[in-house]
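[1] Could you work out the structure for the sequence below:
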Amino acid sequence: TFSDGNYTSNPAWTVSNATDWIVNASGQLQSNNTTASSTFWTSTPSSLATTAQWDFYVRLAFNPSSTNLVDVYLTASAADVSLNSTSGYVVRIGNTDDEISLYRKDASGTFVKIIDGVNGILNTSNNVIRIRVIRNAANQWTLLRDLTGTGNTFSSEGTVTDATFTTSNSFGIFVRQSTVSFFQLHYFDDIEVKTFVPDVTAPVITSVTGTSPTTASVLFNEPVDLTTSQL
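    You can find the predicted model right below:
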């Protein structure tokens, strides 16, 4: 988090320019670049790349587009995520289809979409999102998002197996913006990169209460998927 009021220590973030970012009064990392048709970035050392889980909060207080989007580098081969040669795995938030998708960025600079998120989910002027990405021991990636921003109602954007890159130098954020309407409207917080530990313990039913002649309310000892828990 950025509750210490800075991005210069614990941990230290490298920035494209000292004026591009601030930590706001709410303890969030906020964009501060006020240049039209610009790109800017920040990154912090992060070496975890396999059997890993990435969680973060992002708020885009605008309707994104191909010229107003965010690339979150889960893994990056270099601290400068703006370089064409920086490779890794990237969650792109926005773009033409107003979606959240997972890309592999190759050293040639080519972005390859490996999980195509649902179109139109970001077609709103205020997007508050929790994102979770899991890469298990078999190199299967799962992209999850919670559009409530609470982290309590994740939905899957899809899964894919890809083992192209197995190392990382940094975790980073890259912003592309067009006009003044998008200045200082990007917010980030609660960034966590950790070893993925699969949940192998099945949920247990703690109570069943009849609510009508044909329905019942079932309480589990942990959160369960809405769809599969009703099968």
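
[2] Could you find the closest non-adjacent residue to Arg59?
    Tyr187 (4.1 Å; C-beta to C-beta, 6 or more residues apart in numbering). Heads up, the C-betas are built off the backbone N, CA and C, glycines and all.

[3] and the one you found, how far is that from Val72?
    Remark: distance between Tyr187 and Val72 (C-beta to C-beta, to the nearest Å) = 13 Å.

[4] Find the residues that touch each one of the two.
    Common contacts of Tyr187 and Val72 (C-beta atoms under 8 Å, 6 or more residues apart in numbering): Val58.

[5] These two - which one has more neighbours?
    With other C-beta atoms under 10 Å as the criterion, Tyr187 and Val72 differ in neighbour count, and Val72 comes out ahead with 23 against 17.

[6] So that one, which state does it fall into?
    Of the three states, Val72 takes strand according to DSSP: H, G, I helix; E, B strand; the rest coil.

[7] Do you know the pLDDT at it?
    According to the per-residue confidence, Val72 scores 98 in pLDDT.

[8] before we move on, what about Arg92?
    pLDDT for Arg92: 98.

[9] wait, what's in contact with the residue most central in space within the chain?
    A centroid search over the chain (C-alpha atoms, centre = their mean) returns Ile131, at 4.0 Å, as the residue closest to the centre. Ile131 sits next to 54-58, 72, 91, 93, 100, 143-146 when contact means C-beta under 8 Å, 6+ apart.

[10] and what of Trp41?
    Val15, Ser16, Asp20, Asp80, Val81, Ser82, Gly172, Ile173, Phe174, Val175.
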